[in-house]
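Novice: Predicted coordinates and the sequence they were generated for:
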There are 2 protein chains.
Amino acid sequence: MRKTYEEQLETLHVELIQMGALCERAISATVKTLLVNNEALIKEVAHLEQDVDQKERDIEALCMKMLLRQQPVAGDLRLISAALRMISDMERIGDQAFDIVDITKHLKNKEIFDELPMKDMAEATIRMVTDSVDSFVRRDIDLARKVMEADDFVDGKFQQIKDQIINLLHAHPEESGSCMDLLMVAKYYERIGDHAVNIAEWVEYSITGERAGDNE
Amino acid sequence: MRKTYEEQLETLHVELIQMGALCERAISATVKTLLVNNEALIKEVAHLEQDVDQKERDIEALCMKMLLRQQPVAGDLRLISAALRMISDMERIGDQAFDIVDITKHLKNKEIFDELPMKDMAEATIRMVTDSVDSFVRRDIDLARKVMEADDFVDGKFQQIKDQIINLLHAHPEESGSCMDLLMVAKYYERIGDHAVNIAEWVEYSITGERAGDNE
């Protein structure tokens, strides 16, 4: 029995929300690894990254099926095309969560970095990912634009962390390796924010046919 | 008159090669900005990034047309699906070239960073981008695998630059801001290498149906 387009679209929405939730869990777990070296957390992020990859393949297969069987045009074609691009961004968010843990697991003397607002930055990106996926499912262009605006906060936090790390470098020159690593971690969170903006831009494109611009 | 699948595939190949060439020119221009502050070079990278974005849209439209009109199955479906993912990676390479210039244009005292092997790293990524696109057009899985292997060289250069920057930090603590910026530039080149690996993995997938893994 061939599913109708509406049923497939409903499945697509559910799968995208699940993929977004996996990304959020992965980002959330990375924050905890900034405080403690915990083997279980590292494994959790590795598993989540694999789940995200699997979800990407499932959604891609569904989108291809919808394209081939339903022969969508105009708005529906844009919608499926946007979904295909969104999963690319979510897949990269999963990779970045893994990259963060790959750095944090080697970090020593984590306490000297307690003052860095990494948690605020990470939590802001989690909200951006949730909102960007929700904006697709609800076809809510205002919510998509809110995600784009939220990126300024994340970029500001990155600058702040960078400045604080420069101060830490002067105070603890013996920790310069760890300082560099923490700067990388902040950069990964900044990039996760950029991916959420990308998703939001694909949502805008799927609704209006216009796209604000390409972010990395 | 409707073009045949073979004609469209030929157009796809040409467009992908052109998109790859734009990426290579952009990376190449970024290296020059590491040595001199040159307004013309900055504008060139900005233009190239826009050209890459436009090419992405053109190729996406072509792929959608091929999917909808030709109803490809199995190998041909994988091939178009792979092309759609490859352009996502190339688009990000364009963004990263722009991000590099956005950093290098503010850099002062560039001469203290002359010893960093940025040029070697960038040139290796240019070769990886060329080879990854060529491997798609020629359906050459050995060349695709060569790209994946070449990434070790780029990753090694990143580690080397990171270690040298730590030494520079100790020798020139007053340049810590620039040191952080240069580390970011090296990270962007490393990421361009990762995108070339991604492209090579999509090529492998389009030929074999299997994919080694997802790199960021």
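Specialist: Cool, got the structure.

Novice: any chance you could map the helices in chain A?
Specialist: For chain A, helices defined by DSSP state H occupy the ranges A:5-33, A:39-70, A:74-104, A:118-137, A:141-171, A:176-208.

Novice: do you know how far A:L84 is from A:S206?
Specialist: According to CB to CB, to the nearest Å, A:L84 and A:S206 sit 11 Å apart. (Glycine included, C-beta is placed from N, CA and C.)

Novice: Over to A:M90?
Specialist: 15 Å.

Novice: again, but for A:M148
Specialist: To A:S206, A:M148 is 15 Å away according to CB to CB.

Novice: And the two? Which one has more around it.
Specialist: Legend: neighbour count by other CB atoms under 10 Å in any protein chain shown for A:M148 and A:S206, higher for A:S206 (25 against 20).

Novice: Contacts only, for the more buried one.
Specialist: Going by CB atoms under 8 Å, 6 or more residues apart in numbering or on different chains, A:S206 touches A:75, A:78-79, A:81-83, A:136.

Novice: Kindly report the same for A:D76.
Specialist: Contacts of A:D76 by CB under 8 Å, 6+ apart are A:5, A:70.

Novice: residues contacting A:E60?
Specialist: A:84, A:87, B:81.

Novice: From the residues you listed, pick the one nearest B:L183.
Specialist: Lowest distance from B:L183 to these (CB to CB) belongs to A:I87, with 30.5 Å.

Novice: Next, count neighbours for the closest residue to A:K55 other than its chain neighbours.
Specialist: Closest residue to A:K55 in three dimensions, ignoring its sequence neighbours and counting by CB to CB, 6 or more residues apart in numbering or on different chains: A:M19, at 4.3 Å. A:M19 has 25 neighbouring residues, counting by other CB under 10 Å.

Novice: where does chain A come near chain B, residue by residue?
Specialist: Residues of chain A that fall close to chain B, judged by CB under 8 Å from any CB of the partner chain: A:53, A:56, A:60, A:64, A:67-68, A:71, A:77, A:81, A:84-85, A:88, A:91-92, A:94-96, A:99, A:162, A:165-166, A:169-170, A:173, A:176-177, A:180, A:183-184, A:187, A:214-216.

Novice: Tell me the spacing between the closest residue to A:L84 other than its chain neighbours and A:E56.
Specialist: Distances taken as CB to CB, 6+ apart place A:C63 nearest to A:L84, at 5.1 Å, with adjacent residues excluded. A:C63 sits 11 Å away from A:E56, taking CB to CB as the criterion.

Novice: swap in A:E210?
Specialist: Counting by CB to CB, the gap from A:E210 to A:E56 is 26 Å.

Novice: neighbour count winner among those two?
Specialist: Of the pair A:E210 and A:E56, A:E56 is the one with more neighbours under other CB under 10 Å, namely 21 against 8.

Novice: wait, doesn't that one sit right on A:Q18?
Specialist: No: applying CB atoms under 8 Å as the test, A:E56 and A:Q18 come out as separate, 11.3 Å apart.

Novice: Which neighbours do these two have in common?
Specialist: Joint contacts of A:E56 and A:Q18 (CB under 8 Å, 6+ apart) do not exist.

Novice: By neighbours, which of the contacts of A:S206 wins?
Specialist: Top of the contacts of A:S206 by neighbour count (other CB under 10 Å): A:F136, with 27 neighbours.

Novice: Name the nearest residue to that one, sequence neighbours excluded.
Specialist: Closest residue to A:F136 apart from its sequence neighbours, by CB to CB, 6+ apart: A:V203 at 4.6 Å.

Novice: so that neighbour touches A:D142, yeah?
Specialist: No: assessed by CB under 8 Å, A:V203 is found out of contact with A:D142, at 10.8 Å.
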